[in-house]
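Asker: What follows is a predicted structure for the sequence shown.
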Amino acid sequence: ASADYQEVLQYYDLYETIGSGGFAKVKLARHLLTGEKVAIKIMDKLALGDSLSSIKLEIDAMKNLSHQHICRLYHVIETSKNIFLVLEYCSGGELYNYITSKCRLSEERSRAFFRQIVSAIAYVHSQGYAHRDIKPENVLVDEEHNLKLTDFGLCAKPKGGLDKPLHTRCGSPAYAAPEVIQGKAYIGSEVDVWSMGVLLYTLLCGVHPFDAGDNTTMSVYRRVLNGEYNIPEWLSPSSMLLLNQMLQVDPKKRITVKHLLHHPWLMEGYSRAVKWQTDYPLVQLDEECIAELSVFYKQSKETILDLISEWKYDEMSATYLLLQSKKARGKPIRLR
Ligand SMILES: CN(C)C[C@H]1CC[C@H](N2C(=O)N(C)Cc3cnc4ccc(-c5cc(Cl)c(O)c(Cl)c5)nc4c32)CC1
């Protein structure tokens with residue numbers, strides 16, 4: 001395996017395994033040039049088998065999605081045996097574990113987190129994608145308590161645009177919308193709203209709305225299809241109302257992401273609607289970072305700008321993105 005790690009070890013120090021998911025393991029690592037921590041998802045191509053094509057879809061989706069609340073892809077290294085995805089490090093791990101460790105979150109904390117989820121999903125939809133697998137296991141917490149959406153393995157970019165019906169039954173049953181469970185044609189953006197409703201319930205109540213106790217799949221399905229979930233008596237009326245608007249069994253009665261952006265519940269204590277546009281456009285590049293790269297690589301700024309703009313997700317892309325991330329966190333953008 002060491003021969004296979006030769007390329008990644010040129011650019012990163014690899015440390016312990018920090019988690020595993022499916023046919024991948026995730027290692028903590030450090031980018032040598034910037035000193036920044038990263039997470040490297042290592043997938044065994046043999047074990048992936050025919051899922052290799054869906055991994056390629058995930059990678060393409062992540063390459064096109066650059067947003068402050070989406071786990072950033074920095075670098076893709078493919079060898080004969082493995083695919084290495086170099087990703088934004090999120091010290092807090094999965095939101096799921098964060099919620100369970102605190103039992104449940106206050107309405108204020110839930111609101112701060114939920115605004116970030118709505119921001120990420122509104123951005124994903126604006127790029128013509130539907131996530132289709134929104135759940136607390138796929139949301140990470142970084143060291144500044146910001147959320148980062150991950151796992152675009154199931155996201156779809158319907159050919160004719162986001163309002164074209166999809167048919168693939170995917171995602172996790174407990175989070176899947178009624179119309180997906182029933183195998184009906186569904187609209188990606190509408191099923192994402194349902195899953196966000198399930199996530200909001202989990203933030204506020206600490207448990208999943210539909211798999212109370214006897215969580216046999218059939219009993220979960222029945223409750224999902226009837227939109228049956230219990231409301232704890234301590235839940236505020238405004239939280240109840242929002243959950244009711246998101247967990248509407250009929251997708252045409254379900255609230256839209258557009259309306260969530262300025263919904264009264266999301267606005268409580270905030271003066272501005274949820275900002276969904278990206279802080280990290282792939283087109284306008286950061287002058288200071290370009291200048292630093294130009295000095296370091298002894299190339300003209302134009303050459304560096306052209307190289308970055310190709311977005312090959314190679315060492316150059318990674319170094320630019322990690323410098324940009326350092327700058328966003330107020331750290332000096334120096335290369336070693
Ligand atoms: C069970 N799960 C579905 C996977 C689990 C794997 C470890 C991970 N993690 C942890 O569990 N920490 C405790 C630390 C940690 C730190 N930074 C991370 C940065 C990115 C990712 C990541 C993982 C996977 Cl499988 C991805 O596809 C993507 Cl796009 C990103 N995981 C990270 C991660 C959380 C998720």
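Answerer: In hand now; what should we look at?

Asker: got the residues of the stretch 151-300 of the chain near the ligand?
Answerer: Asp151 (C-beta under 6 Å from any ligand atom). (Glycine included, C-beta is placed from N, CA and C.)

Asker: could you pull out the helices for the stretch 151-300 of the chain?
Answerer: Taking DSSP state H, counting those that start in this stretch, the helices of the stretch 151-300 of the chain run over residues 178-181, 188-205, 217-226, 237-246, 257-260, 264-267, 287-297.

Asker: Can you dump the C-alpha atoms of the fourth one in CSV for me?
Answerer: This means helix 237-246. Taking C-alpha atoms only, helix 237-246 is exported to CSV below (Å, rounded to 0.1, in the frame of the first residue of the first chain):
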residue,chain,number,x,y,z
PRO,A,237,-45.9,27.2,19.0
SER,A,238,-43.6,28.8,16.3
SER,A,239,-41.4,25.7,16.1
MET,A,240,-44.5,23.5,15.9
LEU,A,241,-45.8,25.6,13.0
LEU,A,242,-42.6,25.4,11.0
LEU,A,243,-42.3,21.7,11.5
ASN,A,244,-45.9,21.3,10.3
GLN,A,245,-45.1,23.3,7.2
MET,A,246,-42.0,21.3,6.3
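
Asker: show me what contacts the most centrally placed residue in the chain?
Answerer: The residue lying closest to the centre of the chain (C-alpha atoms, centre = their mean) is Leu149, at 1.7 Å. Applying C-beta atoms under 8 Å, 6 or more residues apart in numbering to Leu149 gives the contacts His69, Ile70, Cys71, Ile117, Ala120, Ile121, Val124, His131, Ile134, Asn138, Val139.

Asker: Which of those residues lies at the shortest distance from Gly269?
Answerer: Lowest distance from Gly269 to the contacts of Leu149 (C-beta to C-beta) belongs to Ile117, with 16.9 Å.

Asker: Now the closest one: which helix or strand?
Answerer: Here Ile117 sits within helix 107-126, counting by DSSP states H and E.

Asker: Taking helix 237-246 as reference, get the angle to that helix.
Answerer: Relative orientation of helix 107-126 versus helix 237-246 (axes from the mean of the first three to the mean of the last three C-alpha atoms, to 10 degrees): 30 degrees.

Asker: so for helix 107-126, what's the average pLDDT?
Answerer: With pLDDT averaged residue by residue, helix 107-126 scores 97.

Asker: Kindly report the same for stretch 297-317.
Answerer: Computed over stretch 297-317, the average pLDDT equals 97.

Asker: Which single residue of the stretch 151-300 of the chain approaches the ligand most closely?
Answerer: Asp151 (4.7 Å; C-beta to the nearest ligand atom).

Asker: Tell me the predicted confidence for that residue.
Answerer: 76.

Asker: Surely Thr217 and Ala176 touch.
Answerer: No - with contact defined as C-beta atoms under 8 Å, Thr217 does not reach Ala176; the gap is 11.0 Å.
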